[in-house]
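Trainee: here's my sequence, what's the structure:
(one chain, ligands or ions: 2)
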Amino acid sequence: MSERTPMIEMRSVSKHFGSVIALSDISMQVYSGEVMCLLGDNGAGKSTLIKTLSGVHQPTHGEMLLGGEPARFKSPAYALDAGIATVFQDLAMIPLMSITRNFFMGREPTVGWGPFKRIDWKLADRIAKQEMAKIGIDVRDPSQPVGTLSGGERQCVAIARAVYFGAKVLILDEPTSALGVKQASVVLRYIAKARADGLAVIFITHNVHHAYPVADAFTLLKRGGSLGTFRKENISREEVLNMMAGGAELESLDAELAEFQRSDSEKNADTEETATASKTRLAAGQ
Ligand SMILES: Nc1ncnc2c1ncn2[C@@H]1O[C@H](COP(=O)(O)OP(=O)(O)O)[C@@H](O)[C@H]1O
Ligand SMILES: [Mg+2]
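Mentor: Ligands and ions are numbered 1, 2, ... in the order given. Have a look, this model is predicted:
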């Protein structure tokens, strides 16, 4: 395999908040057309890592590269201009504004020029509707408030916006955590599509069923440090579960539940045995 250049890369990045070391010596590469899942307990530094990549925070040490070139972003707007689109945990959307306005967020197409320049709402509505349709969401009226969409659909507006404006890197901080199964699958399908379109995707989730099907690689953070990156072919679903927040607890809960089930079925088997024995005795006229 030839050496590929990562779309986005961190080299020995650290981030300190006063005396708090939120990230320490992190190196990570994410390639075009791949999904990198960030794993780790609460407080491990996942959000800080993506905020550093997306220009919310400046790294204290280390460097970042975009397409092999050194990159430093003064703010999320600079990162976005460079092609890094981020859907933050606290989703930035204005519920009372229309789907179209949330889609364009100030970058609406215009007609005319000089003092006659105005937003071309017809075109804007058409593009918003069309881009949402591409991911299988039928928006009847894009001028309706975004608050009328379901949680999953709203996440998709944010992702559709990123893809439409030519992002190269898509970062998602727990986009599926507040969603039901059906809504989450809408978002997951869209993540898979962004990957197929050649974006480099960084995806944070606590749900192994969401992470495992779409991921190509996993990076595990622990107390601000990286415990390494694992390619999917080298790691099982169970191992990923163990690395996730609460994974260990879930596994011991699973074992406990399995134990209950075992003793339950043993009890049932015992009762059945007794029943069969007494039936046999009855049949034998004892
Ligand atoms: N703005 C900040 N100021 C001070 N400490 C912070 C700030 N942001 C995050 N931290 C600290 O950095 C650590 C990592 O937090 P975070 O990145 O939010 O973790 P995660 O997203 O993995 O749950 C935590 O100890 C948190 O308290
Ligand atoms: Mg977080």
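
Trainee: and K222, what is it in contact with?
Mentor: 40-41, 44 (CB atoms under 8 Å, 6 or more residues apart in numbering). In short, each C-beta sits where N, CA and C put it, glycine included.

Trainee: any idea which of those residues is closest to ligand 1?
Mentor: Using CB to the nearest ligand atom, A44 comes nearest to ligand 1 of the contacts of K222, at 4.0 Å.

Trainee: sec struct for that closest one, please.
Mentor: Secondary structure for A44, judged by DSSP: H, G, I helix; E, B strand; the rest coil, is coil.

Trainee: wait, it touches R223, no?
Mentor: Yes. In terms of CB atoms under 8 Å, A44 counts as a neighbour of R223; the distance is 6.5 Å.

Trainee: more neighbours: which of these two?
Mentor: A44 (22 against 13; other CB atoms under 10 Å).

Trainee: can you tell me the closest non-neighbouring residue to the more buried one?
Mentor: Nearest in space to A44, with sequence neighbours left out and distances taken as CB to CB, 6 or more residues apart in numbering, is L221 at 4.1 Å.

Trainee: circling back to that earlier point, can you tell me which of the contacts of K222 lies closest to I21?
Mentor: When the contacts of K222 are compared for distance to I21 (CB to CB), A44 wins out at 12.2 Å.

Trainee: so what's the closest one up against?
Mentor: The contact partners of A44, by CB under 8 Å, 6+ apart, come to 221-224, 245.

Trainee: just those: which has the poorest pLDDT?
Mentor: Lowest pLDDT of the contacts of A44: A245, 64.

Trainee: quickly list what C37 is bridged to.
Mentor: Per DSSP bridges, the residues bridged to C37 are F203, F218.

Trainee: hang on, the earlier thing: in TSV, list the contacts of K222 along with distance to I99 and pLDDT.
Mentor: Formatted as TSV, those follow (distance: CB to CB, whole Å; pLDDT from 0 to 100):
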residue	distance to I99	pLDDT
G40	34	86
D41	36	84
A44	35	91
